[in-house]
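**Student:** return atomic coordinates for the entry below.
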Amino acid sequence: MSIEASAEFKVEFYDVDSMGVVWHGNYVKYMELGRCALLDKIGYGYSEMKEDGYAFPVTSIRLKYIKPLMFKQTAIIKAVLAEYENRIKIDYFIYDKESGELVTKGESIQMALKLETMSTSFLCPDCFIKKVEALL
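**Tutor:** Got it, this is the predicted structure:
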């Protein structure tokens with residue numbers, strides 16, 4: 001069993017190049033839509049992280065472009081929690097809404113950072129782990 005969440009978005013003019021194709025860097029923004037939906041479902045979004053004394057900076061991102069998104073296209077990003085105890089690893093799948101075709105996939109990794117000391121924590125906070133395990 002896994003925890004997942006989805007978000008729908010429409011490709012806007014400001015996201016595309018002169019050919020009407022989404023500029024590759026904007027996929028990171030789409031990943032953030034999915035990540036926020038997933039963290040909200042868990043009940044541990046950025047506000048809760050900060051209240052708990054943590055930040056979770058992204059330490060790596062990987063993307064595989066399969067087919068481009070185009071201007072005015074509607075897509076769905078699905079975010080799936082892949083790891084949660086030592087780090088947050090999320091797998092992403094972007095689909096064309098109309099056809100259901102997979103157009104992009106990727107992953108992001110975030111590590112816990114204790115805000116008070118600005119030091120990396122190699123375990124996620126207990127509060128986060130408990131919220132995840134309650135949904136599993």
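**Student:** so what's the residue count around the residue lying closest to residue 12 once chain neighbours are set aside?
**Tutor:** Leaving aside its sequence neighbours, residue 12 sits nearest to residue 71 (C-beta to C-beta, 6 or more residues apart in numbering; 7.9 Å). In this view, the C-beta of every residue, glycine as well, is placed from N, C-alpha and C. Residues within reach of residue 71, counting by other C-beta atoms under 10 Å, total 16.
**Student:** so what's residue 26 up against?
**Tutor:** Residue 26 makes contact with residue 15 under the criterion C-beta atoms under 8 Å, 6 or more residues apart in numbering.
**Student:** next one: phi and psi at it?
**Tutor:** Taking degrees, to the nearest 10, you get phi -70, psi -20 for the backbone angles of residue 26.
**Student:** just the one 10 residues further on next, same as before
**Tutor:** Backbone torsions of residue 36, given as degrees, to the nearest 10, read phi -60, psi -40.
**Student:** and it, how far is that from residue 116?
**Tutor:** Separation of residue 36 from residue 116 (C-beta to C-beta, to the nearest Å): 25 Å.
**Student:** can you check residue 20 too?
**Tutor:** Residue 20 sits 47 Å away from residue 116, going by C-beta to C-beta.
**Student:** do residue 52 as well
**Tutor:** In terms of C-beta to C-beta, residue 52 sits 11 Å off from residue 116.
**Student:** compare the two and say which is more crowded by neighbours.
**Tutor:** A count of neighbours by other C-beta under 10 Å puts residue 52 above the other of residue 52 and residue 116, at 16 against 7.
**Student:** the residue nearest to the spatial centre of the chain in helix, strand or coil?
**Tutor:** Nearest to the geometric centre of the chain sits residue 35, at 2.7 Å (C-alpha atoms, centre = their mean). Three-state assignment for residue 35 (DSSP: H, G, I helix; E, B strand; the rest coil): helix.
**Student:** cross-check the contact I'm expecting between it and residue 77.
**Tutor:** No - counting by C-beta atoms under 8 Å, residue 35 does not reach residue 77; the two are 9.0 Å apart.
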